[in-house]
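Participant: I'll drop the sequence and a predicted model, then ask my questions.
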Amino acid sequence: MKITVLGGGNGSLAAAADFALAGHDVTLWRRGAAEVAQHHALNDTITLRDAEGTHEAHIARITDDIAAAMKGAELIVSPVPAHAHEEMAPVIAPHFEPGQVLFLPPGTLGTVLYARACEAAGTAAGVAFAETGTLPWLVRKHGFAEVVISTRAVRLPTGVLPVEDGDRARAVIDRAFPGVIEDCGDVISAALMNAGPIIHPPLIIMNAGPLEHFEAWDIHNEGTQPAIRRTTDLLDAERVAVREAFGYGAPHFPLADHYRDGEMWMYDRKSRANLKDSNDWRENIVLTEHRYMMEDTRLGLSLLVSLADAAGVDVPVARSLMSLGGAITGQDFMQTGRSISKLGLTGGVRELQAQVAGKVTA
């Protein structure tokens, strides 16, 4: 299958390498000519290390020409942080072709932004926009073109816009992630599966002191203490309550299953141990800049709170963590984040679901 991967971060390089090693025809789009030239100097090869060893993945083409990158692709995968969606959507929107599928893993309802951009560009016809609940890899870059994958996702609940194109879109994505993609309905359902806004805000905000004191701090090892886990469970219960208020049924993928031996979560049962043992998450997190704050807390929690408000669900933990994140960064996250109103969506549960069922604009 012809797959285009957008970006050059942890997830993008993991995606390009994994897809190439699986035999797909992969194009990697990088924004800058200098980065493309550096890839060419490395023979367009990404080094991937995982539990099975070291693998050299040759990427068929690496380019900064977005039109060339997207031409003829069946699947376009964009694992970039959600805060890049507003900037990227108008850049790639003019180049979509009927039948293509865009996959945001995860999306934070970025699918709506891309759908709107494509409608404005006149390219939305026949295009499906999908998102899921987590990045399919626990991965860190160890160099310009080298990544270490600790774990791969085993279940990816995926929603699609328009809903009527869901079966086709998930079938395309399943070819890239065999046996992993699960139907969770529309993109609001998928956005309410996003694990990042549940796991990361308590970890960074309740570890703010050591994060700012030490040169490096591992929020998943010494940072995950019982008080934080209790907070995470309450926050996740609020997410599930919002899902239920929207009428979405189980499985809700409760984060507790990631920490304990419950039902299989999005990653396998070894994922937490792999994450802790890798030492890749012992890092310097700048609270006013890191994506755990600017993506998961600012965008993710503002979206959760606004969906809760629309459904009439009280979410005091989510609202508190969002407010504390705003205090740390000097922002009002309901103003600078990704509330449903910022996405141009209005109304209650049924009105919102109707708006994401088909085209998002009239």
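Facilitator: Received it, and whenever you're ready, just let me know what you need.
Participant: mean confidence for stretch 40-53?
Facilitator: Average pLDDT, stretch 40-53: 96.
Participant: just give me how far it sits from the chain centre.
Facilitator: In terms of C-alpha atoms, centre = their mean, to the nearest Å, the centre of stretch 40-53 is set 23 Å apart from its chain centre.
Participant: what sits up against that stretch?
Facilitator: 13-14, 16-18, 20-21, 54-62, 142-150, 274 (C-beta atoms under 8 Å, 6 or more residues apart in numbering). All C-beta atoms are positioned from the backbone trio N, CA, C, and that covers glycine.
Participant: do that again at 10 Å, thanks
Facilitator: 12-18, 20-21, 26, 28, 36, 39, 54-63, 137, 139, 141-152, 270, 274 (C-beta atoms under 10 Å, 6 or more residues apart in numbering).
Participant: centroid residue for the protein?
Facilitator: Among the residues of the chain, P106 comes closest to the average C-alpha position under C-alpha atoms, centre = their mean, at 2.0 Å.
Participant: assign it to helix, strand or coil.
Facilitator: coil (DSSP: H, G, I helix; E, B strand; the rest coil).
Participant: for it, which non-adjacent residue is closest in space?
Facilitator: N194 (4.8 Å; C-beta to C-beta, 6 or more residues apart in numbering).
Participant: how near is the residue nearest to the centre of the chain to R350?
Facilitator: Noted for P106: a distance of 25 Å to R350, by C-beta to C-beta, to the nearest Å.
Participant: same question for D280.
Facilitator: In this view, D280 and R350 are 43 Å apart by C-beta to C-beta.
Participant: of these two, who's got more company?
Facilitator: Taking other C-beta atoms under 10 Å, D280 and R350 do not tie; D280 has more neighbours (19 against 10).
Participant: which helix or which strand is home to the more buried one?
Facilitator: Per DSSP states H and E: D280 is located in neither a helix nor a strand.
Participant: just give the nearest non-adjacent residue to R31, would you?
Facilitator: D64 (6.3 Å).
Participant: which residues touch that neighbour?
Facilitator: So D64 contacts 29-37 (C-beta under 10 Å, 6+ apart).
Participant: the helices in the stretch 151-300 of the chain, which residues?
Facilitator: 166-176, 187-191, 196-205, 208-213, 226-245, 256-259, 271-278, 291 (DSSP state H, counting those that start in this stretch).
Participant: which of those helices sits closest to M322?
Facilitator: Of all the helices of the stretch 151-300 of the chain, helix 196-205 sits nearest to M322, with 7.6 Å by C-beta to C-beta.
Participant: let me know the angle separating the closest one from helix 226-245.
Facilitator: 160 degrees (axes from the mean of the first three to the mean of the last three C-alpha atoms, to 10 degrees).
Participant: wait, Y114 touches T108, no?
Facilitator: No: in this structure Y114 lies outside contact range of T108 using C-beta atoms under 10 Å: 11.8 Å.
Participant: now do the shared contacts for those two.
Facilitator: 85, 131.
Participant: what about I62, helix or strand, and which?
Facilitator: Counting by DSSP H and E, I62 is part of strand 61-63.
Participant: what is that strand packed up against?
Facilitator: With contacts defined as 3 or more C-beta pairs under 10 Å, 6 or more residues apart in numbering; DSSP states H and E, strand 61-63 has these neighbours: strand 2-6, strand 25-29, helix 33-41, helix 66-70.
Participant: and of those, who's closest to G312?
Facilitator: strand 2-6 (37.0 Å).
Participant: average pLDDT across that closest one?
Facilitator: 98.
Participant: by contact count, what packs against that strand?
Facilitator: helix 10-21, strand 25-29, strand 61-63, helix 66-70, strand 75-77, helix 85-92, strand 101-104, helix 166-176.
Participant: residue ranges in the stretch 251-362 of the chain under the pLDDT threshold?
Facilitator: 261, 269, 271-272, 274-276, 281, 359-362 (pLDDT under 70).
Participant: swap the cut-off to 80 and go again
Facilitator: Scanning the stretch 251-362 of the chain for pLDDT under 80 picks out 259-262, 269-281, 359-362.
Participant: now the residue nearest to P106: phi and psi?
Facilitator: For N194, the backbone dihedrals are phi -60, psi 120 (criterion: degrees, to the nearest 10).
Participant: quick one: contacts for it?
Facilitator: 82, 106-109, 131-134, 157, 239, 253, 296, 299-300, 303-304 are the contacts of N194 under C-beta under 10 Å, 6+ apart.
Participant: one more time with 6 Å, if that's ok
Facilitator: Neighbouring residues of N194 by C-beta atoms under 6 Å, 6 or more residues apart in numbering: 106, 108, 133.
Participant: for the last one, the count of nearby residues, please.
Facilitator: As a burial measure, the neighbour count of G133 was computed by other C-beta under 10 Å and equals 27.
Participant: hang on, it packs against L192?
Facilitator: No: assessed by C-beta atoms under 6 Å, G133 is found out of contact with L192, at 8.4 Å.
Participant: give me the nearest residue to Y267, chain neighbours excluded.
Facilitator: T151 (5.0 Å).
Participant: tell me, how many residues neighbour that neighbour?
Facilitator: 21.
Participant: do you know how far it is from A15?
Facilitator: 15 Å.
Participant: restrict stretch 304-321 to CA atoms and write it as CSV.
Facilitator: Extracted in CSV, the C-alpha atoms of stretch 304-321 (Å, rounded to 0.1, in the frame of the first residue of the first chain):
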residue,chain,number,x,y,z
LEU,A,304,-12.9,17.3,27.5
VAL,A,305,-14.3,20.1,29.6
SER,A,306,-16.2,21.7,26.7
LEU,A,307,-17.7,18.3,25.7
ALA,A,308,-18.7,17.7,29.4
ASP,A,309,-20.4,21.1,29.5
ALA,A,310,-22.3,20.3,26.4
ALA,A,311,-23.4,17.0,27.9
GLY,A,312,-24.2,18.4,31.3
VAL,A,313,-21.5,16.4,33.1
ASP,A,314,-19.6,17.7,36.1
VAL,A,315,-15.8,17.2,35.6
PRO,A,316,-14.1,19.0,38.6
VAL,A,317,-10.8,17.1,38.3
ALA,A,318,-10.4,17.9,34.6
ARG,A,319,-11.4,21.5,35.2
SER,A,320,-9.0,21.8,38.1
LEU,A,321,-6.0,20.3,36.3
